[in-house]
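Asks: With the sequence up front, the predicted model follows.
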Amino acid sequence: MAIKEAFHIARTGRPGPVLVDVCKDVQQAEMDFEYPKSVNLPGYHPNQNAPDSASVTHAARLLNEAKRPLIVAGQGVSIAKAEAELRQLAEMANIPVATSLLGVGTFPGTHPLAISWGGMHGEAYTNFAMQECDVMFAIGARLDDRLTGAFETFAAKAKIIHVDLDPAEMGKNITIDTPVVGDALLTLRELLPQIQPNEHPTWLAQIEEWRSESNDRDILSQETDELIAPYIMRQLWHATNEGDCTVSTDVGQHQMWEAQYFFHTKRRSLLTSGGLGTMGYGLPAAIGAQMGLPDEEVWVVAGDGGFQMTMVELSTVVQEQLPIKIIIINNGFLGMVRQWQDVFYNKRHSGTPLFNPDFVKLAEAYGIKGRSVTRKEDVMDALKAAQAHDGPYLLDFQVEEFTNVYPMVAPAKSNADMIRRPLPLMEGEN
């Protein structure tokens, strides 16, 4: 019964992992077994119903009257399989769409109304839009501090509509004007007939102005011969026919760069550990993705630190003959922690420099082909070589050591108060 109950809990309501603790005497006992047909869990009543109609009508009125509306989509949209309805809402009312990190892929990243993802390492123009909107429609996102920055300053000019299946999320972090407890798909289906077409030209022009200024600061807009991870991520996007693949990441700087520079256009095409931030997640997640989608092109993007936490799973890759392609962003540091040490602790690097193995030789020891890349001009050729190989392939990209992820919102600071990459010097400036 416990196993059936665990699967029922894991797959209903707000989906998530369930721990089943099977004690030793039960494991050794002999008993008659009949798999139960149903479960009875007193007190467990997950909300799978349609939302309150009055709340949906009020949300529609706010969106119709808004001058600066913004949609913020989280992973709950994908869990509910509501991507098509989300896109219909955005296009009908010409509302820009931001996402959380886990919401990447819920809305096509190349769509004209897509404005990337926001929060601690989200795009600056996305954070500006969240801070300046007058109505925010947050759906399937728990509005955690990595998205919001300081709770008391988040979207302070906006009336916030929050759609979530879990009533415990309502008002937990942010004061909500219109809570809508319900399934994302059912909510959107009830909302859409009440939405009026709109244009919002002034608001969209303002966002484009912020986007243009952000692009001027972007590291890819600045000339450098250094091999840097953002360049690799953008080249990977081009190599995969502009994102026609599934990518799993570890946790750290490379995770942020992947989400910033690889535009995801397919649902659930980015597998990443958001809430818990589990280093070592990338390779095991890719194994699961490849086994579940045997015809999919699957890539791992990992850091040199996180990869070593689960690299023993290379044996599983070989054993199961999985054609997973592995990218290691090798900067010789636990990069995200090193960045914090640089920014907040006067560059005192304690416990962050790494002594790495030869990752290519390590792969070859498992019978996996590998290649080390140190030059920018060799990136695309290396990616194409990995794609052309029938089996697994490991690419060790030895990148510049001290590149930081920007923008960056410091803990307990407002999303408007970002640490940003300086604008490049113009000719004659010093």
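Replies: Received it, and whenever you're ready, just let me know what you need.
Asks: Longest helix of the protein, counting residues only.
Replies: helix 201-217 (DSSP state H).
Asks: same for that one, what does it pack against?
Replies: helix 124-132 (3 or more CB pairs under 8 Å, 6 or more residues apart in numbering; DSSP states H and E). (Glycine included, C-beta is placed from N, CA and C.)
Asks: can you list the residues that contact the helix it packs on?
Replies: 68, 70, 72, 96, 98, 115-119, 136, 149, 153-157, 206-207, 210-211, 213-214, 217, 407, 409, 414-416, 418, 420 (CB atoms under 8 Å, 6 or more residues apart in numbering).
Asks: Is it correct that Met408 is in contact with Glu123?
Replies: No. Judged on CB atoms under 8 Å, Met408 makes no contact with Glu123 at a distance of 11.9 Å.
Asks: Those two: who's more crowded?
Replies: Glu123 (24 against 17; other CB atoms under 10 Å).
Asks: Any figure for the gap between that one and Arg87?
Replies: 20 Å (CB to CB, to the nearest Å).
Asks: Tell me the predicted confidence for Leu423.
Replies: Per-residue pLDDT puts Leu423 at 72.
Asks: give the contact list for the closest residue to it other than its chain neighbours.
Replies: The shortest distance from Leu423 to any residue other than its chain neighbours is 5.6 Å, reached at Arg217 (CB to CB, 6 or more residues apart in numbering). By CB under 8 Å, 6+ apart, the contact set of Arg217 is 124, 406, 420-424.
Asks: Check Asp304 too.
Replies: By CB under 8 Å, 6+ apart, the contact set of Asp304 is 328-332, 354, 356, 359.
Asks: Now, of the contacts of Arg217, which are buried?
Replies: 124, 406, 421 (16 or more other CB atoms under 10 Å).
Asks: Assign a three-state SS to the second one, would you?
Replies: Classification of Tyr406 using DSSP: H, G, I helix; E, B strand; the rest coil returns coil.
Asks: Nearest residue to it in space, ignoring adjacent ones along the chain?
Replies: Per CB to CB, 6+ apart, closest to Tyr406 is Arg421, 4.2 Å.
Asks: Now do the strands in the stretch 251-400 of the chain.
Replies: 270-271, 298-303, 325-330, 369-373, 393-398 (DSSP state E, counting those that start in this stretch).
Asks: between the last one and strand 369-373, what angle do the directions make?
Replies: Yep, that's strand 393-398 we're talking about. 20 degrees (axes from the mean of the first three to the mean of the last three CA atoms, to 10 degrees).
Asks: Each with direction, which strands does strand 393-398 pair with?
Replies: strand 325-330 (parallel), strand 369-373 (parallel) (DSSP bridges).
Asks: Kindly report the same for the shortest one.
Replies: Sheet partners assigned to strand 270-271 using DSSP bridges are listed as strand 246-249 (parallel).
Asks: Need the contact partners of the partner strand.
Replies: 236, 255, 258-259, 262, 264, 266, 268-273, 281-283, 285-286, 289, 293, 296-302.
Asks: quick check: domain ranges of this protein?
Replies: 1-46, 53-211, 227-402 (automatic domain parsing).
Asks: Switch the ones you listed over to CSV; also include mean pLDDT and distance to Ser221.
Replies: Below are the domains of the chain laid out as CSV (pLDDT from 0 to 100; distance: least, CB to CB, whole Å):
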stretch, mean pLDDT, distance to Ser221
domain 1-46, 86, 40
domain 53-211, 96, 12
domain 227-402, 97, 10
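Asks: how much space between Pro51 and Val163?
Replies: Counting by CB to CB, the gap from Pro51 to Val163 is 7 Å.
Asks: Run through the helices of the stretch 251-400 of the chain in chain order.
Replies: 253-261, 282-292, 304-310, 314-319, 335-344, 359-365, 379-388 (DSSP state H, counting those that start in this stretch).
Asks: Including distance to Leu186, could those helices go into CSV?
Replies: Formatted as CSV, those follow (distance: least, CB to CB, whole Å):
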stretch, distance to Leu186
helix 253-261, 28
helix 282-292, 26
helix 304-310, 38
helix 314-319, 39
helix 335-344, 38
helix 359-365, 47
helix 379-388, 40
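Asks: Most tightly packed of those helices?
Replies: helix 253-261 (a mean of 26; mean count of other CB atoms under 10 Å).
Asks: now it and strand 325-330, what's the angle there?
Replies: 120 degrees.
Asks: Next, the angle helix 335-344 makes with helix 253-261.
Replies: Going by the same axes, to 10 degrees, helix 253-261 makes 90 degrees with helix 335-344.
Asks: who's in contact with helix 253-261?
Replies: Counting by CB under 8 Å, 6+ apart, residues outside helix 253-261 touching it are 101, 104, 116-117, 121, 123, 220, 229-230, 233-234, 237, 247, 249, 270, 272, 301-303, 329, 331, 335-336, 339, 403-405.
Asks: one step back: so among the contacts of helix 124-132, which ones count as buried?
Replies: Buried members of the contacts of helix 124-132, counted by 16+ other CB under 10 Å: 68, 70, 72, 96, 98, 115-119, 136, 149, 154-155, 206-207, 210-211, 214, 217, 407, 409, 414-416, 418.
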